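A.B. asks: structure of the sequence below:
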Amino acid sequence: MPVRNYTYYDHTISLCPECLKRIDAKIVFEDEKVFMLKRCPEHGRTKVLIADDIDYYKNIRNYNKPSDIPYRFNAKTHYGCPYDCGLCPDHEQHSCLTVVEITDRCNLTCPTCYAGSSPTAGRHRTFEEVRKMLDVVVENEKEPDVVQISGGEPTLHPQLFEILDYAKSLPIKHLMINTNGIRIAQEPEFVARLKSYMPDFEVYLQFDSFEDQALQKMRGASLAKIREQAMAALNRHNLSTTLVVTLEKGLNDHELGKVIDYGLQQRCVRGVTFQPTQSAGRLENFSQEKNRMTLTEVRRKLLEQARIFEPADIIPVPCNPDALAMGYVFKSEWGNYPLTRYIDPSDLLDNSKNTIVFEGDEVLQNRMVEVFSTGISVDRVRSKFKDLLCCLPAVQTSAYGYDNVFRVIIMDFVDAHNFDVRAIKKSCVHIVNKDNQIIPFETMNILYRDELAEQLKNLQSQYE
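C.D. replies: From the prediction side, this is the model:
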């Protein structure tokens, strides 16, 4: 009998990348890679690379766990995913990280910006609007794990510190500000004011490359000096910082190891997040074949370039294993030691805490203190670390604390090309929109930004 040139693995629902209609899709294995095959009656067939590591892709399913859902949903399920975002009751994951966009304005016009921000775009949200957005997050989550103040460039908002003051008055476990670092680099008093919001406050710093050529293409500006000045200011105050690297194949994907090494040497850096470019927003001349990076490609390059890691050190995150991979390092004056390899996956799946934040319960804190106050070598850590979970807590001891935990995350945001409804339902990074609904980050950029409203309405009308 004739034999297909691929192995059929699964079925899902995807979107046509042209018209955004829901269409059936196959997940297949071919040439040691994972592809999505789909066909739109109007726009024809599409073949999309999903992963370049079949074993890792199959292992993702072993990290699935019962869903942690919000206390409240904000929309009804009517049209079907992804046309009901808000969150609707059919969504399978609460907001591990909620983004609150307080402005459309930015002091850059990045060619890669998914939000289309610029110095003249849109407007600043009023303080009252932002207050309501934050209140919605608290109503849904009661004690939100992570809230990220974002934009545009949020440091441009004239009432930024009023907004941060209000956010800190709420039962938010961890507050972040997402920034390109320009004000941090240029205004010492600004950095000192940010420092006052610690503990449980963090700078999420754009850090795409050490090379100006790459920065020009991604950000439209020569920012290497700005990054250097920003890091000096953050180190001076030991202000908790995560370096955020937007990745594009062939442009800056050779720098993963260099960024990790750099981060481990910085006093203030608590980790690095790698985000493959999402095909959305202002992005132009983006080739799915030449420029797209899958999560498994990023993981493979990370293992090749950062010698500190082994494959067992970068594992799927159970709240959304298709889109998130994570590893921990214990960072200290006597060495840097990968920790994730000592985790029993069953511990992750039995854990009721979500796995994208550092904070943990008192029992975990006590275990962490026991491990890192009684042993100063990786061998002595090895026997006890199996009892720890992926959510390493913020340890408060005289010797070790929050700044000894260094975390690496790969965060793969789905777009219309590789849209997989199964994974989207587990999305745990969400955005509060202007209507005070909570939208998965991926679908926000595919369907829910203002300029897409008419197209979304037309798609919804097909299901009336």
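A.B. asks: for the rest of this, base every contact and every neighbour count on C-alpha atoms.
C.D. replies: Fine.
A.B. asks: how far away is E454 from L194?
C.D. replies: 39 Å (CA to CA, to the nearest Å).
A.B. asks: neighbour-wise, which of those two wins?
C.D. replies: L194 (19 against 12; other CA atoms under 10 Å).
A.B. asks: next up, the contacts around that one.
C.D. replies: Listed by CA atoms under 8 Å, 6 or more residues apart in numbering, L194 has no contact partners.
A.B. asks: when you give positions from now on, start the count at 786
C.D. replies: All set: I'll call the first residue 786, so the last point we hit is now L979.
A.B. asks: assign it to helix, strand or coil.
C.D. replies: Assigned state for L979: helix (three-state reduction, DSSP: H, G, I helix; E, B strand; the rest coil).
A.B. asks: read off the pLDDT value for it.
C.D. replies: Looking at L979, its pLDDT is 95.
A.B. asks: ok, now how distant is it from T940?
C.D. replies: Look at L979 and T940: by CA to CA, they are 10 Å apart.
A.B. asks: quick check: beta-bridge partners of the residue most central in space within the chain?
C.D. replies: Nearest to the mean C-alpha position of the chain, by CA atoms, centre = their mean, lies M1196 at 4.4 Å. As for beta bridges, M1196 partners with L1109 under DSSP bridges.
A.B. asks: contact partners for H909?
C.D. replies: Contact analysis of H909 by CA under 8 Å, 6+ apart lists 887-890, 942.
A.B. asks: so which of those residues is the most crowded?
C.D. replies: Neighbour max across the contacts of H909 (other CA under 10 Å) = I887, 30 neighbours.
A.B. asks: which residues touch it?
C.D. replies: Contacts of I887 (CA under 8 Å, 6+ apart): 909-910, 915, 934-937, 939, 942.
A.B. asks: just these: which are in helices?
C.D. replies: Among the contacts of I887, DSSP state H puts V915 in helices.
A.B. asks: which two in the contacts of I887 are spaced the farthest apart?
C.D. replies: Greatest spatial distance in the contacts of I887: V915 and G937, 14.0 Å, computed using CA to CA.
A.B. asks: in terms of neighbours, single out the busier of those two.
C.D. replies: G937 (31 against 23).
A.B. asks: quick one: the more buried one and V884 touch, right?
C.D. replies: No - if you go by CA atoms under 8 Å, G937 and V884 don't touch, sitting 11.6 Å apart.
A.B. asks: got the contact list for C801?
C.D. replies: 807-808, 823-825, 828, 1201-1202.
A.B. asks: which ones among these lie within strands?
C.D. replies: Of the contacts of C801, the ones assigned to strands by DSSP state E are 807-808, 823-825.
A.B. asks: doesn't K1043 belong to a helix?
C.D. replies: Yes - assigned with three-state DSSP, K1043 falls within a helix.
A.B. asks: need the pLDDT of it.
C.D. replies: On the pLDDT scale, K1043 is placed at 96.
A.B. asks: again, but for T1159
C.D. replies: What the model reports as pLDDT for T1159 is 30.
A.B. asks: about what we covered before: include neighbour count and pLDDT when you put the contacts of C801 into TSV, please.
C.D. replies: Shown next, in TSV, are the contacts of C801 (neighbours: other CA atoms under 10 Å; pLDDT from 0 to 100):
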residue	neighbour count	pLDDT
R807	19	96
I808	14	96
K823	22	96
R824	17	96
C825	19	96
H828	11	96
A1201	22	91
H1202	22	92
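A.B. asks: ends of stretch 862-878, what's the gap?
C.D. replies: With CA to CA as the measure, stretch 862-878 spans 15 Å from end to end.
A.B. asks: I misspoke; the intended subject was stretch 823-834.
C.D. replies: One end of stretch 823-834 to the other measures 12 Å (CA to CA).
A.B. asks: now that stretch: how far from the chain's centre is it?
C.D. replies: Put simply, stretch 823-834 sits 28 Å off its chain's centre (CA atoms, centre = their mean, to the nearest Å).
A.B. asks: mind listing residues that contact it?
C.D. replies: Outside stretch 823-834, the residues that reach it (CA under 8 Å, 6+ apart) are 799, 801, 803, 806, 808-811, 818-822, 1073, 1079, 1202-1203.
A.B. asks: could you flag which of these are buried?
C.D. replies: Listed as buried from the contacts of stretch 823-834 are 799, 801, 806, 810-811, 818-822, 1079, 1202-1203; burial here means 16 or more other CA atoms under 10 Å.
A.B. asks: now tabulate those residues in CSV and tack on distance to E996.
C.D. replies: Output for those, formatted as CSV (distance: CA to CA, whole Å):
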residue, distance to E996
S799, 36
C801, 36
K806, 39
A810, 39
K811, 39
K818, 31
V819, 32
F820, 32
M821, 34
L822, 36
T1079, 23
H1202, 29
N1203, 29
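A.B. asks: widest-spaced pair of these?
C.D. replies: Using CA to CA, these span at most 25.9 Å, a distance reached by K806 and K818.
A.B. asks: for N965, see how far away the spatially closest residue to E996 that is not a sequence neighbour is.
C.D. replies: Spatial nearest neighbour of E996, chain neighbours left out: A1009 (6.9 Å); criterion: CA to CA, 6 or more residues apart in numbering. Plainly put, A1009 is 11 Å away from N965 if you go by CA to CA.
A.B. asks: next one: F1191
C.D. replies: 21 Å.
A.B. asks: now G936
C.D. replies: 11 Å.
A.B. asks: now swap in R1192 and tell me
C.D. replies: Look at R1192 and N965: by CA to CA, they are 20 Å apart.
A.B. asks: number of residues surrounding L1109?
C.D. replies: L1109: 23 surrounding residues under other CA under 10 Å.
A.B. asks: list the contacts of it.
C.D. replies: 1080, 1101-1102, 1194-1197.
A.B. asks: ok, those vs K1086, which is closest?
C.D. replies: Distances from K1086 to the contacts of L1109, taken as CA to CA, are shortest for L1080 (10.0 Å).
A.B. asks: find the nearest non-adjacent residue to the closest one, please.
C.D. replies: Per CA to CA, 6+ apart, closest to L1080 is D1197, 5.8 Å.
A.B. asks: next up, the contacts around that neighbour.
C.D. replies: Contact partners of D1197, counting by CA under 8 Å, 6+ apart, are 1060-1061, 1079-1080, 1108-1109.
A.B. asks: which helices and strands does the strand or helix carrying K953 pack with?
C.D. replies: Assigning secondary structure by DSSP states H and E places K953 in helix 945-954. With contacts taken as 3 or more CA pairs under 8 Å, 6 or more residues apart in numbering; DSSP states H and E, helix 945-954 sits against helix 912-926.
A.B. asks: check what pLDDT the closest residue to E1095 other than its chain neighbours gets.
C.D. replies: Spatial nearest neighbour of E1095, chain neighbours left out: L1088 (6.4 Å); criterion: CA to CA, 6+ apart. As predicted, L1088 sits at a pLDDT of 95.
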